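# Coordinates for the following, if possible.
(chains A and B)
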Amino acid sequence: ILNVEQSPQSLHVQEGDSTNFTCSFPSSNFYALHWYRWETAKSPEALFVMTLNGDEKKKGRISATLNTKEGYSYLYIKGSQPEDSATYLCASPSDTGRRALTFGSGTRLQVQP
Amino acid sequence: DGGITQSPKYLFRKEGQNVTLSCEQNLNHDAMYWYRQDPGQGLRLIYYSQIVNDFQKGDIAEGYSVSREKKESFPLTVTSAQKNPTAFYLCASSIFGQDNQPQHFGDGTRLSIL
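Model prediction:
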């Protein structure tokens, strides 16, 4: 089973703070790296899917980078707002090529107004 | 609007009973997946199907069964052999075979033991 790890497990920030968290994954047999946002009482929503080393993607105040050689991805949130409070999941397809995702345990972000 | 519908939202199981969780999608996706979430853990793959009439075990398939008779539907049965079924279950779908495509998720079913 592919090992996908996320840190920190949880994070509390003040409104307006910028923050970032990490996803690490095996660098061999890399296919793609997914980021999802999961708000309470909603379904997980895709933020980014990244496939190339050095990829940088941006969606509003949220951006992500990818380093496939060293096996990590960073998710950044600039100027956090209370509506950013959610669990952020990263995931990668298994190295068996099955394309089903292996998820990290998530980073739970709380933004205090 | 296209999407994934899971039902019921809450389900209770008695000892020795099989229960079935429904998952329907109208996104025309070939691939469908079932995940389980336990407190403090990430989503773990139970079963997945890449095409109609074919499905594969995931990492925690014991005590579960699935069928894929139609492209739109991928029901999950939690059998009495699953000794610890209390969890949150998520169904997802995606375009098969393209690494740059995200998965789309339903709202989930929370299963509890009576």
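
# Leaving out sequence neighbours, find the closest residue to residue A:45.
With CB to CB, 6 or more residues apart in numbering or on different chains as the criterion, residue A:45 has its nearest non-adjacent residue at 5.2 Å, and that residue is residue A:37. Bear in mind the C-beta positions are built from the backbone N, C-alpha and C, glycine included.

# what separates the one you found from chain B, distance-wise?
11 Å (CB to the nearest CB, to the nearest Å).

# Enumerate the residues of chain A near chain B.
Contact residues (CB under 8 Å from any CB of the partner chain) of chain A with chain B: A:1, A:4, A:6, A:31-32, A:34, A:36, A:42-46, A:49, A:51, A:89, A:91, A:93, A:98-106.

# if we can go back for a sec, give me the neighbour count for the residue nearest to residue A:45.
When neighbours are counted by other CB atoms under 10 Å in any protein chain shown, residue A:37 registers 19.

# what residues are up against it?
A:44-45, A:47, A:86-89 (CB atoms under 8 Å, 6 or more residues apart in numbering or on different chains).

# Tally up the residues packed near residue B:55, please.
20.

# Pairing partners for the lowest-mean-pLDDT helix or strand in chain A, with directions?
One helix or strand of chain A scores below all others by mean pLDDT, DSSP states H and E: strand A:101-103, with a mean of 90. Looking at strand A:101-103 with DSSP bridges, its partner strands are strand A:86-93 (antiparallel).

# Tell me which residues are up against the partner strand.
Here strand A:86-93 makes contact (CB under 8 Å, 6+ apart) with A:2, A:4, A:6, A:21, A:23, A:25, A:30-40, A:44, A:47, A:73, A:75, A:99-104, A:106-109, B:42-43, B:99.

# same question for that strand, mean pLDDT?
Averaged across strand A:86-93, the pLDDT comes to 94.

# now swap in stretch B:52-68 and tell me
95.

# so where's chain A shaky on pLDDT?
Filtered on pLDDT under 70, chain A yields the residue ranges A:1, A:95-99.

# For chain B, what is the nearest residue in it?
residue A:46 (3.3 Å; CB to the nearest CB).

# tell me, what residue is most central in chain B?
With distances taken as CA atoms, centre = their mean, the residue of chain B nearest its centroid is residue B:34 (2.8 Å).

# wait, what's in contact with the closest residue to it other than its chain neighbours?
Once flanking residues are discounted, residue B:34 sits nearest to residue B:46: 4.3 Å by CB to CB, 6+ apart. Listed by CB under 8 Å, 6+ apart, the contact set of residue B:46 reads B:34-36, B:58-61, B:64, B:66, B:76, B:89.

# now those residues: which count as buried?
B:34-36, B:58, B:60-61, B:64, B:66, B:76, B:89 (16 or more other CB atoms under 10 Å in any protein chain shown).

# Name the nearest of these relative to residue A:64.
Using CB to CB, residue B:35 comes nearest to residue A:64 of those, at 21.7 Å.

# what bridges to the closest one?
residue B:45, residue B:90.

# For it, which residues are in contact?
With CB under 8 Å, 6+ apart, residue B:35 has these contacts: A:103, B:43-46, B:89-92.

# can I get the residues you listed in TSV with distance to residue B:3?
Formatted as TSV, the contacts of residue B:35 follow (distance: CB to CB, whole Å):
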residue	distance to residue B:3
A:103	21
B:43	18
B:44	23
B:45	21
B:46	21
B:89	17
B:90	13
B:91	11
B:92	11
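
# What strand or helix carries residue A:42?
Residue A:42 is part of no helix or strand when elements are defined by DSSP states H and E.

# Now it: closest residue in space that isn't a chain neighbour?
Distances taken as CB to CB, 6+ apart put residue B:107 closest to residue A:42, at 7.2 Å, once the chain neighbours are dropped.

# Alright, I will stop here.
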